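[1] sequence unavailable; structure follows:
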């Protein structure tokens, strides 16, 4: 009986010390956009969308519900994605082109996206994250 108790205690300690039972599902997305201070960028943010990769390797996104806002740079905000376990963001220019803009997205504490350079008309920065689903860097919004 003592041996069984010892084995159960050892298994409990080992299981508690490793990440086998940790929930890997994401809880938050942090969006960080830097560039010309004071300039405005149009953001579309959504956790309610459908994304799929087609035969050409392009991720197609159909947005069901989204928030659109004008933000002033720099922008640093955390969004809850615990319920839907997905995150879409599009950053586009408002009035004038940007010579330099950097957009970073962290899912929980892991950096998932980092893009920098000019932001010009017709070439927004887009990022899609879906938990346990394959996506590509080439994204088309339908």
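    Thanks, I have the structure now. Note that the structure is predicted; figures quoted are calculated from it, not measured.

[2] contact partners for residue 50?
    Going by CB atoms under 8 Å, 6 or more residues apart in numbering, residue 50 touches 61, 62, 64. C-beta coordinates here come from the backbone N, C-alpha and C atoms, glycine included.

[3] hmm, 7 Å instead?
    Neighbour list for residue 50: 62, 64 [criterion: CB atoms under 7 Å, 6 or more residues apart in numbering].

[4] cool, and residue 62?
    Residue 62 neighbours (CB under 7 Å, 6+ apart): 49, 50, 142.

[5] repeat that for residue 59.
    51, 53, 128, 135, 136, 138, 139.

[6] and if we set it to 10 Å?
    51-53, 126, 128, 130, 133-141 (CB atoms under 10 Å, 6 or more residues apart in numbering).

[7] thinking again about what came up before, what's the lowest-pLDDT member of the contacts of residue 62?
    Lowest pLDDT among the contacts of residue 62: residue 142, with 78.

[8] helix or strand: which one has residue 44?
    Assigned by DSSP states H and E, residue 44 falls within strand 40-53.

[9] and that strand, how far out from the chain's middle?
    The chain centre lies 10 Å from the centre of strand 40-53; the measure is CA atoms, centre = their mean, to the nearest Å.

[10] mean confidence for the helix or strand just after that strand?
    Where DSSP H and E defines the elements, the next helix or strand beyond strand 40-53 is strand 59-72. Average pLDDT, strand 59-72: 94.

[11] partner strands of the following helix or strand past strand 59-72, with direction?
    Where DSSP H and E defines the elements, the next helix or strand beyond strand 59-72 is strand 75-80. Sheet pairing of strand 75-80 (DSSP bridges) gives strand 28-35 (antiparallel).

[12] which positions within the strand it pairs with qualify as buried?
    Of the residues in strand 28-35, 29, 30, 31, 32, 33, 35 count as buried by neighbour count, 16 or more other CB atoms under 10 Å.

[13] show me the two of the contacts of residue 59 that sit farthest apart.
    The span of these, defined through CB to CB, is set by 134 and 141 at 17.9 Å.
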